[in-house]
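K.L.:
3D, please:
(one chain, ligands or ions: 1)
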Amino acid sequence: MKITIYTLFPKMFDGFLTNSIIKRAISKKVVQIKIVNIRDYTKDKYGRVDTPPVSGGAGLIMKCQPIVDAIKNNNGYKILLSPRGKTFNEDKAKALAKKKEIALICGHYEGVDERVNKYVDELVSIGDYVLTGGEIASMAIADSVIRLLKGAITNTSLDNESFNDNLLEYPQYTEPYNYKGAKVPDVLYSGNHKVIDRYNRKMQLKLTKKYRPDLFRKIKLSKEDLRLLNEDEYTKLELAAIKKGKKYIPH
Ligand code: ADE
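P.N.:
Numbers count the residues shown, from 1 in each chain. Next comes the predicted model:
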């Protein structure tokens, strides 16, 4: 996949491109990332890329010409980062990860000339708050898309993570068993993967219900899910059976 990011602040991407999973994905050629400085495209004799709005008022607005000229030869799917856009989510990340090429265009200062909108495919926001520019938003989008690409991370890491099927991820633990009085749930030591999977599913359901009722309402609950949610006894009985070396068969 190719991602081109159009920005007035290319240096902001130095850390993003040279660390961790993104760096590895680039060196493994999972993704090719190009950072384009919009300023290089200005035809203004003073090199300006932004001017005050014609209506008057505070701030500087990014002009059409440098942006439109910068993106005009890009055949990818073009996204203008804007607080006015549709809110980004994991489904959108998955849809973008299927594209061969995307362009992320970062607005800055007080806004972008309205007429730029017709040169892009979509406006996207990363949330209902205003950033000083689209750079951080474009990194968030690029990051979430790149990690979905084949070869960026191990695929098993993607299977049970948050937002798959509108469920949050289940809690994970590391050694020691007892950290300042907070213990790892015993069931995770059972070695019985079926039981552990069921426990994890229950935790996903419970956590989603508690922290993201908006997502929870979208889940199509199976009979087993309802049982997991309603019967804490279920896991206790299973655990008791395991401890006695027996198999617990729910009915
Ligand atoms: N630019 C400024 N705020 C933004 C946001 N929330 N999402 C995307 N781009 C932005």
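K.L.:
by contact count, what packs against the longest strand belonging to the chain?
P.N.:
If you go by DSSP state E, the chain has its longest strand at strand 77-87. Packing contacts for strand 77-87, counted by 3 or more Cβ pairs under 8 Å, 6 or more residues apart in numbering; DSSP states H and E, involve strand 101-106, strand 122-125, helix 135-146. In short, each C-beta sits where N, CA and C put it, glycine included.
K.L.:
Extract the CA atoms of that strand and return them as PDB.
P.N.:
The C-alpha coordinates for strand 77-87 follow below in PDB (Å, rounded to 0.1, in the frame of the first residue of the first chain):
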ATOM      1  CA  TYR A  77      -8.300   7.800  -2.400                       C
ATOM      2  CA  LYS A  78      -8.100  11.300  -1.100                       C
ATOM      3  CA  ILE A  79      -9.000  12.300   2.500                       C
ATOM      4  CA  LEU A  80      -9.000  15.800   3.800                       C
ATOM      5  CA  LEU A  81      -8.600  15.700   7.600                       C
ATOM      6  CA  SER A  82     -11.100  18.000   9.100                       C
ATOM      7  CA  PRO A  83     -13.100  18.200  12.400                       C
ATOM      8  CA  ARG A  84     -16.200  18.500  10.100                       C
ATOM      9  CA  GLY A  85     -15.600  15.000   8.500                       C
ATOM     10  CA  LYS A  86     -17.200  11.700   9.400                       C
ATOM     11  CA  THR A  87     -15.700  10.200  12.500                       C
END
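K.L.:
what's in contact with it?
P.N.:
71, 92, 96, 99, 101-107, 112, 116-117, 119-131, 134, 137-138, 141 (Cβ atoms under 8 Å, 6 or more residues apart in numbering).
K.L.:
Let me know how buried residue 126 is, in neighbour terms.
P.N.:
20 (other Cβ atoms under 10 Å).
K.L.:
What residues does it make contact with?
P.N.:
81, 87-88, 136-137, 140-141.
K.L.:
The same query, at a cut-off of 6 Å, please.
P.N.:
Contacts for residue 126 (Cβ atoms under 6 Å, 6 or more residues apart in numbering) come out as 88, 137, 140.
K.L.:
nearest to residue 231, of the residues you listed?
P.N.:
residue 88 (36.8 Å; Cβ to Cβ).
K.L.:
related to what we said a few turns ago, could you dump the helices and strands packed on strand 77-87 to JSON lines with mean pLDDT?
P.N.:
As requested, these are exported to JSON lines (pLDDT from 0 to 100):
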{"stretch": "strand 101-106", "mean pLDDT": "98"}
{"stretch": "strand 122-125", "mean pLDDT": "97"}
{"stretch": "helix 135-146", "mean pLDDT": "98"}
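K.L.:
deepest of those, which one?
P.N.:
strand 101-106 (a mean of 23; mean count of other Cβ atoms under 10 Å).
K.L.:
on that earlier part again, averaged over its residues, what pLDDT does the longest strand of the chain have?
P.N.:
The average pLDDT for strand 77-87 rounds to 97.
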